[in-house]
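Model the following, please.
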Amino acid sequence: MLAFVGQLVGVVGLVGWLSLRNSQKTVETLANQIRQELTARIEAELQSYFETPHEINRLNATAFARGEIDVENAQFGEAQLYQQMKIAPNVAFVYCGSSQRGEFFGVLRSPEDGSLQLSYGNSANQFLRENFSLDVSGSRTFKQSQAEKVFDARQRPWFQAALNAQGPAWTDVYIAFTTRLPNVTASLPVYDRTGKELLGVCATDVVLPEEFREFLKSLEIGMNGQAFVVDRAGNLIANSSDEPLMVGEGDQARSLQVTESQDELVQGAAAYIQSRLGGFDQILTTERREFQLNGQRQFLEVVPFRDGFGLDWLIVVVVPEQDFMGQIDANTRITILLALGGMAIAVVIAALAARALTRPVSEVCQAAEGIAEGNLDQRINASPIREMHQLAQTFNSMAVQLQNSFTALSQSEATSRAIIDAIPDLLIRTRRDGTYVEIIGRDRLLKIHENRSLVPGSHVTDSLPFELAKLRLDCIAQVLADGQLQIYEQQLRTGDLTHEEEVRIAALSEDEVLIMVRDITQRKQAEIAQRIAEENYRSIFENALEGIFQSNQEGRFVNVNSAMARLYGYDTPGEMVAEITDISRQIYVDPTMRQRFMRLMQGYGEVKHFEYQSYRRDGSILWVEENSRAVPDADGNVLYYEGFVQDISDRKARETKLQRLFQEFQIEIDENKVAQEVSQIIESNFFKEIRATISQIDSPPDAK
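All right, here's what the predicted structure looks like:
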């Protein structure tokens, strides 16, 4: 009996230990997979927020350098910034600052109602920034407010960050001057055409979005797990709880340090990172660790997030083991108690108890081992013993949960694979030495790359000319050295055709990279065609002999060409646009003609051969002929008027002279006609008889 009891104790103990051990391994595997999936989703979400600002900065820097944005005088340029804000809802502020005297010019999104407003500060308003409402075309309408503090763009963190980096840069998180909300800013220095003189800095603000915090809250991180994003200084950027991210008020407001968090799990993870990983600034690659907090094991994963422009944060996910092991531990304790009870009964009914307990425990062991080996279809049959039946139900429930989790993971992988299949790029996983490991979408660029040169095991030099192969190997080495994405373009010739390709190289591991190759030939051709069309349009606009203009319904010119400015006596188009604030009063000699023009536009949408007298800049008057049309938006509302103006003063003068000559000639004809009629009357017989009768009457009597 003692031997049987000893065997029974040994068997029950062994089965329980194996079950617990296999459960722990399964939980560790599942925890790792969940952590990896969570950090990948968080990283993708962050990337989507912070790609757009640098694209906007490059566009605005080009416009600033070309003079299309008037940063110093704030006379024009808000329309371009307005359109950028409309298509980028996560952007809070788009602006540029001048290096001359700190002038500022930008378009912001109001934190109160979300409306877009023009904001500028310069010498004209003593650098006290003024805010103006914008209409649907991005043109300023009326003044909304004015700041009370002087604003010098050169003193702002975003300006200094761009100068220090001498290129694209991100600021640290700071409190915005306008909204008083936590911001992070992407900035880019702007130089003149020579690339030597600094014109200023263009920047884009991204308010750390509440939507991103809601995204973190929506993640399933166990029952008590936490996810948060922190910068290298330890400032909490976002977290999955409702804890405020800012402390202090007004000018004393600052970001919450992660070590100051009231959440015990977040605080414990931060303390572990500082003590065991060397601090937040020392983590360069993904770290997966475990640590103890209040006697409980915690699973920790830390992933660096970099965007290639200076943004360097950490994504941290921490999950208590108890979230996975709580039910398993409880069931284990119950199993132990049941085993002890079974052994007590086994002393009385030895053989029956031994058989009844051995079979279900063996099933649990086998099922646990099967799950550990990846066979998630394991199920335990119901047992007549109540305790073992409960254990079987718990184990089966756990198996179902694991299977559901792995199914969801498989679906996620399938979705990722579908996305990869939908991407038109050629994807190549490559080792450090240039050997192709895996090729996805090999058939996408077969017209450019031969089939035999694009197979796993081939080398970079097998599919590229020597110079391009050397460039690719250098970029691979650079990516593996600093972890930053490398992007370049290359040309390949096949026969008589030249193909343009864009190549992106990103690090996958310490010894492998992912190469993404995209055919951009059509895009390059389209860019060339668009550039030629824009240059042709600009040449026609600037060199036309006739005056060309665009004006709004408020009576201001939006744009005029050089011929238009010369026609009205202005040195430059900019002078004319700035000085003419009321077309009906400053251009039209007869203001009623402007009213007639507006009625014709409202009725027909265009006017042709419209003649009127105009004032030149010096007050002189000239005759002009105008042909114009109304330009509507998608809803049919008039955006502006555009047309041609031609000087017809000489023609009008000739018409006046011809009319005067015609009148003089008509008078002379009328006088000659009267003289001819008088002569005809005098020579008639009737008039001669009358004259003879009168002569007889007037003769004296002695004459008879």
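
In terms of helices and strands, where is the spatially closest residue to residue 521 that is not a sequence neighbour?
Spatial nearest neighbour of residue 521, chain neighbours left out: residue 500 (4.6 Å); criterion: Cβ to Cβ, 6 or more residues apart in numbering. C-beta: built from backbone N, CA, C; applies to glycine. When elements are defined using DSSP states H and E, residue 500 is found to belong to strand 497-507.

Direction included, what does whichever helix or strand comes after that strand pair up with?
The helix or strand immediately downstream of strand 497-507 is strand 512-519, counting by DSSP H and E. Strand 512-519 has its sheet partners listed here by DSSP bridges as strand 426-431 (antiparallel), strand 497-507 (antiparallel).

Report the angle between the next helix or strand along the chain from strand 512-519 and strand 497-507.
Downstream of strand 512-519, the next assigned helix or strand under DSSP H and E is helix 521-543. Compare the direction of helix 521-543 with that of strand 497-507 by axes from the mean of the first three to the mean of the last three Cα atoms, to 10 degrees and you get 110 degrees.

okay, the helix or strand following helix 521-543 in CSV with CA atoms only?
Stepping forward along the backbone from helix 521-543, the first helix or strand reached (DSSP H and E) is strand 547-551. What follows is strand 547-551 as a C-alpha-only set of coordinates in CSV (Å, rounded to 0.1, in the frame of the first residue of the first chain):
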residue,chain,number,x,y,z
GLY,A,547,-2.7,92.3,-69.3
ILE,A,548,-3.8,89.1,-67.5
PHE,A,549,-5.4,89.2,-64.0
GLN,A,550,-7.3,87.3,-61.3
SER,A,551,-9.6,89.2,-59.0
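
now the residue nearest to residue 521, which residues is it bridged with?
Taking DSSP bridges, one obtains residue 491 as the residues bridged to residue 500.

before we move on, back to that, tell me how far the strand holding residue 500 lies from the chain's centre.
Averaged C-alpha coordinates place strand 497-507 at 23 Å from its chain's average position (Cα atoms, centre = their mean, to the nearest Å).

Buried ones in it, by neighbour count?
499-505, 507 (16 or more other Cβ atoms under 10 Å).

For the residue nearest to residue 521, give its distance to residue 377.
In this structure, residue 500 lies at 51 Å from residue 377, with Cβ to Cβ, to the nearest Å as the measure.

Next: residue 486.
Counting by Cβ to Cβ, the separation of residue 486 from residue 377 is 45 Å.

Comparing these two, which residue is more hemmed in?
More crowded of residue 486 and residue 377, by other Cβ atoms under 10 Å: residue 486, with 21 against 9.

what comes up buried for the helix or strand residue 657 falls within?
Per DSSP H and E, residue 657 falls inside helix 649-682. Across helix 649-682, burial judged by 16+ other Cβ under 10 Å covers residue 652.

Tell me the helices and strands packed up against that helix.
strand 621-632 (3 or more Cβ pairs under 8 Å, 6 or more residues apart in numbering; DSSP states H and E).

Could I have the CA atoms of the strand it packs on written out in PDB?
These are the backbone C-alpha positions of strand 621-632, laid out as PDB (Å, rounded to 0.1, in the frame of the first residue of the first chain):
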ATOM      1  CA  ILE A 621      -7.100 108.000 -67.700                       C
ATOM      2  CA  LEU A 622      -7.000 105.300 -70.400                       C
ATOM      3  CA  TRP A 623      -9.600 103.300 -72.300                       C
ATOM      4  CA  VAL A 624      -9.400  99.500 -71.900                       C
ATOM      5  CA  GLU A 625     -11.300  96.500 -73.300                       C
ATOM      6  CA  GLU A 626     -11.800  93.500 -71.000                       C
ATOM      7  CA  ASN A 627     -12.700  89.900 -71.700                       C
ATOM      8  CA  SER A 628     -13.300  87.900 -68.400                       C
ATOM      9  CA  ARG A 629     -14.900  84.800 -67.000                       C
ATOM     10  CA  ALA A 630     -15.900  83.600 -63.500                       C
ATOM     11  CA  VAL A 631     -14.000  80.600 -62.100                       C
ATOM     12  CA  PRO A 632     -16.300  78.500 -59.800                       C
END
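
Listing partners with orientation, what would you give for it?
Looking at strand 621-632 with DSSP bridges, its paired strands and their directions are strand 606-615 (antiparallel), strand 638-647 (antiparallel).

hmm, who's touching the last one?
Strand 638-647 is touched from outside by 136-137, 546-553, 558, 564, 567, 601, 607, 622-633, with contacts defined as Cβ atoms under 8 Å, 6 or more residues apart in numbering.

Check the offset of it from the chain's centre.
34 Å.

show me what contacts residue 649?
The contact partners of residue 649, taken as Cβ under 8 Å, 6+ apart, are 622-624.

Make a markdown table from the residues you listed and add pLDDT to it.
What follows is the contacts of residue 649, written out as a markdown table (pLDDT from 0 to 100):
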| residue | pLDDT |
| --- | --- |
| 622 | 93 |
| 623 | 95 |
| 624 | 94 |
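
now, which of the residues you listed sits nearest residue 56?
Using Cβ to Cβ, residue 624 is the member of these that lies nearest residue 56, at 40.8 Å.

any idea how far residue 640 is from that closest one?
Relative to residue 640, residue 624 is positioned 19 Å away (criterion: Cβ to Cβ).

average pLDDT for stretch 289-301?
In this model, stretch 289-301 has a mean pLDDT of 88.

neighbouring contacts of it?
Around stretch 289-301, the neighbours that count as contacts under Cβ under 8 Å, 6+ apart are 28, 31-32, 35-36, 38-39, 264-265, 268-269, 272, 276-277, 286-288, 302, 316-322.

Quick check: PyMOL command selecting the buried ones in those residues.
Command for PyMOL that selects the buried part of the contacts of stretch 289-301, burial taken from 16+ other Cβ under 10 Å:
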select buried, resi 28+31+35+36+38+39+265+268+269+272+287+302+316+317+318+319+320+321+322
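
Which of the contacts of stretch 289-301 fall in strands?
Mapping these onto strands (DSSP state E) picks out 287-288, 302, 316-320.

need the residues you listed in JSON lines with distance to residue 533, can you?
Supplementary listing: the ones in strands among the contacts of stretch 289-301 in JSON lines, determined by distance: Cβ to Cβ, whole Å:
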{"residue": "287", "distance to residue 533": "53"}
{"residue": "288", "distance to residue 533": "54"}
{"residue": "302", "distance to residue 533": "51"}
{"residue": "316", "distance to residue 533": "50"}
{"residue": "317", "distance to residue 533": "50"}
{"residue": "318", "distance to residue 533": "56"}
{"residue": "319", "distance to residue 533": "56"}
{"residue": "320", "distance to residue 533": "62"}
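
On the three-state scheme, residue 76 is what?
The three-state label given to residue 76 by DSSP: H, G, I helix; E, B strand; the rest coil is coil.

circling back to that earlier point, what is the lowest-pLDDT residue among the buried residues of strand 497-507?
Across the set of these, residue 499 stands lowest in pLDDT, at 77.

I'd say it and residue 517 touch.
No: taking contacts as Cβ atoms under 8 Å, residue 499 lies outside contact range of residue 517: 10.6 Å.
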